[in-house]
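Undergrad: Provided below are the primary sequence and the corresponding predicted coordinates.
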Amino acid sequence: MAKVTIDGRTIEVPDGTTILQAARMIGPEVAPPTMCYYSKLKTSGGYCRTCLVEVTKGSEKDPRPMPKLVASCRTTVMDGMEVGNNTSPKVTEARKGVVEFLLLNHPLDCPICDQAGECHLQDLSYEHGSSKTRTDFERRTYDKIDIGEKIQLHMTRCVLCYRCVKVANQITDGRVHGVMNRGDHSEISTYVEQAIDNDFSGNMIDVCPVGALTDKTFRFKSRVWFTKPVTAHRNCEKCSGKVNLWYKGEEVLRVTGRKDQWGEVEEFICNTCRFDKKQTSDWTIEGPTVVNRHSVISANHYEVLAKPNEFKLNEVKPLPLKEGEKS
Amino acid sequence: MGKKILLEHDHVPGIQGYEVYRNCGGYASVEKAIKTMSAEAMVEEVKKSGLRGRGGAGFPTGMKWSFLAKPEGVPRYLVCNADESEPGTFKDRYLMSRIPHILVEGMITSSFALGVNTAFIYIRGEYFYIVRILENAIKEAYANGWLGKNILGSGYDLDLYVQVGAGAYICGEETALLESLEGKRGNPRIKPPFPAIAGLYGCPTVVNNVETIASVPYIINNGGDDYAKIGIGRSAGTKLISASGHINKPGVYEIEMGITVEDFIYSEEYCGGIKNGKKLKAVVAGGSSVPVLPADKIINLPSGEKRLMTYESLSEGGFAGGTMLGSGGFIVMDETTSIVENLFTFARFYHHESCGQCSPCREGTSWMEKILHKIMDGHGTLADIDLLWEIQSKIEGNTICPLGDAAAWPVASAIRHFRHEFEAYVTNPNAVNKVRHYENMNA
Ligand SMILES: Cc1cc2nc3c(=O)[nH]c(=O)nc-3n(C[C@H](O)[C@H](O)[C@H](O)COP(=O)(O)O)c2cc1C
Ligand code: SF4
Ligand code: FES
């Protein structure tokens, strides 16, 4: 076990836990934002640099601070480690820089983007970004391409988090999806734009933090905050069949995996459940879903409409202490 | 004349071939190592020698070797980094093309010290003609019993392969190199784990620069203490310097570490002074990634003493007042050089070579290039200079691999030492000699 203190709050965690996981165990107030890490995907994380934190004390044995900010999603804790996240001015500065870089070529076309309302980049820029842009250069654009019948890729919005690449490598068969070209010309693509056609490809849509990979069966049907999520399941031979159905009136507009408080799906679902089961009669409904995230979508549905940062500062009570945690 | 270790026999006709190399004392270190030394004793000698990595970072080689994990039943690898793509650096090319056997010998001796049975030389694609030279040398080494099974009847086996890269700067970063060697896209890995624990195919691996490995035979032949006597303090041994720019005698020089920078630039033995009687303006002392220094700061230390060609002396003054020995790519600029234009060339390079994994480097390098282009075109503003400064500070230290830092440092140092030139470009663009380099380069 290792004792680690993040933003002044101490918790004991098993060896091998990352700083990010430890921070999530303490609670959302100290958890760094993530754009590329995904706990269900191996080797994810390390790319976007939004989760950078300052290690002010390395460990009990070697108390020297780490010379650079580290990616909390890829750095494991040491016993006695002390970490600054929201309390570290260096982190705040660096994170502001990262958000600016991520938005540099982003089209900011939220008004016409299906992801708006549940977009991690929106949340991130709202909480850590600046309200002005300092670039006056033309933004990078790409043509939209279809990967398979049901998924559309709009590279222009992509932040190159590599999550969909990991999905393609780890939970679908055949390696036909990856990154081409280099640097700011990098491009997610399939092998010669080959259609991705396998049972789990739809999960790319769920893991995409922005609106780069969208569900063609849902595109432009509705803003997400006008839809009502319910928790449902069915007996499925390919996956767990545990999903969220998103209703508008009587109609199921889309089916997604169930997402946890960090915006990650709990279990990956198959394409049959996602794309082909859009009748209420296909499902056993469990009840309404509370979207437990500080985003527009949760605010509008279940609480008063509030800006995420106000929401966080004024309305969220500190979580009750967890087992092993000392305040 | 300073001592020569690597280029001692450079002038000998036919040194590229096996016979001549052998007659000059070649492969003695293999004989000595395999017949008389234990692997541990060899690592000890390299530690004693004070040899530091010549690829850029200057990490002590003996220490790196001693970190190599040695789990039972798992192969270990030695990989020679011959990707040499740092602008201003061309010493490995010189060494490999003229004396290929010194690298082959170094690879065999080092492999024996590390208990490695399979070793690789990863070479950049543009050096295709050197590939043939190396493969020929390796063939000769096999034919003469220095490679293959049961070397010198000792029971020690070693195979050595040359792998050609496809010409990406980033594949010189050791973990990107390993990815590329495995046949994947050359993206740097996230560390830890370091290659010494999990490198090539997940096995413990040592990655060393060409020059580092080529220095090992001398250390084994003459002992670590002897090598440590050459040079000054922690800058032991000799260093190959690739000298380029506005000097009378550009080329590759082997120097004993500790000569003064002034001597190196002006003496007849080395660069022979500034071309056409012009004045020295600035030097990039260790390849494009290290901070640029103006003439007075590169010649003299803050204390007033002469700056020396050593790791320590070049970095004296820290980041604000010093630079780094880096890979030894010594770029000299005379008074006619535009620092802004020079920086633009570097910025363009880093933008082109960023692998694109992490957002600060991917977006920042391209942004900096665009702003510099705008300034060169006469459309820049004073705010653009501050913005450049801001961008580099947000890249530095926040990336996966040091390419981000390498892209940031030249920008930081150019603005720090030559801000007036940037200001001249933005306040009076018509007065500066506008060079339409960019268009020419893209024509
Ligand atoms: C972007 C980048 C490019 C590099 N290119 C080279 C190179 O071309 N050759 C080289 O020897 N080292 C290069 N390095 C350094 C290597 O990562 C590594 O430190 C070196 O090969 C270790 O060998 P050494 O200890 O003998 O110097 C590069 C590093 C970075 C970050
Ligand atoms: S710093 Fe640049 S080159 Fe290095 S991993 Fe990040 S994007 Fe790639
Ligand atoms: S979430 Fe850690 S670097 Fe992206």
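TA: Here it is on my side, so go on. Ligands and ions are numbered 1, 2, ... in the order given.

Undergrad: report pLDDT for residue B:402.
TA: Note on residue B:402: pLDDT of 97.

Undergrad: repeat that for residue A:79.
TA: Model confidence at residue A:79 (pLDDT) stands at 97.

Undergrad: how about it, what does it touch?
TA: A:1, A:2, A:3, A:4, A:59, A:60, A:61 (C-beta atoms under 8 Å, 6 or more residues apart in numbering or on different chains). (Each C-beta comes from the backbone N, C-alpha and C, glycine too.)

Undergrad: name the helix or strand for the third one, please.
TA: Residue A:3 is part of strand A:2-6, with elements assigned from DSSP states H and E.

Undergrad: chain center to that strand: distance?
TA: 24 Å (C-alpha atoms, centre = their mean, to the nearest Å).

Undergrad: contact partners of that strand?
TA: A:10-15, A:17, A:19, A:22-23, A:26, A:30, A:53, A:77-85.

Undergrad: find the nearest non-adjacent residue to residue 52, please.
TA: Chain wasn't specified; assuming chain A. Of all residues not flanking residue A:52 in the chain, residue A:69 sits nearest, at 4.1 Å (C-beta to C-beta, 6 or more residues apart in numbering or on different chains).

Undergrad: correction: the question concerned chain B.
TA: Nearest to residue B:52 is residue B:58, by C-beta to C-beta, 6+ apart, at 4.5 Å.

Undergrad: how about that neighbour, secondary structure?
TA: Following DSSP: H, G, I helix; E, B strand; the rest coil, the label given to residue B:58 is coil.

Undergrad: isn't it up against residue B:311?
TA: Yes: contact between residue B:58 and residue B:311 holds when scored by C-beta atoms under 8 Å: they sit 5.2 Å apart.

Undergrad: are there residues contacting both of those two? Which ones?
TA: B:52, B:325.

Undergrad: ok, back up a step: tell me the first helix or strand C-terminal of the strand holding residue A:3.
TA: Using DSSP H and E, the first helix or strand after strand A:2-6 is strand A:9-13.

Undergrad: how far does that following strand sit from its chain's centre?
TA: 24 Å.

Undergrad: tell me the helix or strand right after that strand.
TA: helix A:19-26.

Undergrad: angle of that following helix against strand A:2-6?
TA: 80 degrees (axes from the mean of the first three to the mean of the last three C-alpha atoms, to 10 degrees).

Undergrad: near chain B at all, helix A:19-26?
TA: No: against chain B, helix A:19-26 shows no contacts by C-beta under 8 Å from any C-beta of the partner chain, the least distance being 13.4 Å.

Undergrad: could you point out which element follows that helix?
TA: That would be, after helix A:19-26 and using DSSP H and E, strand A:52-57.

Undergrad: what does the helix or strand just after that next one contact?
TA: With elements assigned by DSSP H and E, the helix or strand that comes after strand A:52-57 is strand A:70-71. Residues from elsewhere that reach strand A:70-71 (C-beta under 8 Å, 6+ apart): A:19, A:45, A:46, A:49, A:51, A:52, A:53, A:55, B:190.

Undergrad: show me where the chain dips below the pLDDT cut-off.
TA: In the absence of a named chain, chain A is used. A:174-175, A:191-197, A:292-327 (pLDDT under 70).

Undergrad: oops, I was thinking of chain B
TA: Within chain B, the ranges that satisfy pLDDT under 70 run B:431-443.

Undergrad: thought residue A:35 was touching residue A:45, still the case?
TA: No: using C-beta under 8 Å, residue A:45 makes no contact with residue A:35, being 9.5 Å away.

Undergrad: residue of chain A closest to chain B, please.
TA: Residue nearest to chain B within chain A: residue A:97 (3.0 Å; C-beta to the nearest C-beta).

Undergrad: please name the residues that touch the residue nearest to residue B:52.
TA: Here residue B:58 is in contact with B:52, B:311, B:325 (criterion: C-beta under 8 Å, 6+ apart).

Undergrad: state which helix of the chain is the longest.
TA: Just so you know, I chose chain A. helix A:89-104 (DSSP state H).

Undergrad: sorry, I should have been clearer: chain B.
TA: The longest helix of chain B (DSSP H) is helix B:403-427.

Undergrad: which helices and strands does it pack with?
TA: When contacts are defined as 3 or more C-beta pairs under 8 Å, 6 or more residues apart in numbering or on different chains; DSSP states H and E, helix B:403-427 sits against strand B:280-284, strand B:292-294, helix B:318-321, helix B:339-353, helix B:359-376, helix B:382-395.

Undergrad: turn these into a markdown table, including distance to residue B:92 and mean neighbour count.
TA: Output for the helices and strands packed on helix B:403-427, formatted as a markdown table (distance: least, C-beta to C-beta, whole Å; neighbours: other C-beta atoms under 10 Å in any protein chain shown):
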| stretch | distance to residue B:92 | mean neighbour count |
| --- | --- | --- |
| strand B:280-284 | 18 | 24 |
| strand B:292-294 | 23 | 23 |
| helix B:318-321 | 27 | 12 |
| helix B:339-353 | 18 | 22 |
| helix B:359-376 | 25 | 25 |
| helix B:382-395 | 27 | 19 |
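
Undergrad: list the residues that contact the closest residue to chain A within chain B.
TA: Nearest to chain A in chain B, going by C-beta to the nearest C-beta, is residue B:394, at a distance of 3.0 Å. Counting by C-beta under 8 Å, 6+ apart, residue B:394 makes contact with A:93, A:94, A:96, A:97, A:98, A:100, A:101, B:360, B:364.

Undergrad: which among the residues you listed end up buried?
TA: Buried by 16 or more other C-beta atoms under 10 Å in any protein chain shown: A:94, A:97, A:98, A:100, A:101, B:360, B:364, out of the contacts of residue B:394.

Undergrad: looking at those residues, which is nearest residue B:130?
TA: Taking C-beta to C-beta as the measure, residue B:130 lies nearest residue B:364 of these, at 33.6 Å.

Undergrad: give me the nearest residue to that closest one, chain neighbours excluded.
TA: residue B:395 (4.3 Å).

Undergrad: go on, residue B:152?
TA: Nearest in space to residue B:152, with sequence neighbours left out and distances taken as C-beta to C-beta, 6+ apart, is residue B:34 at 5.1 Å.
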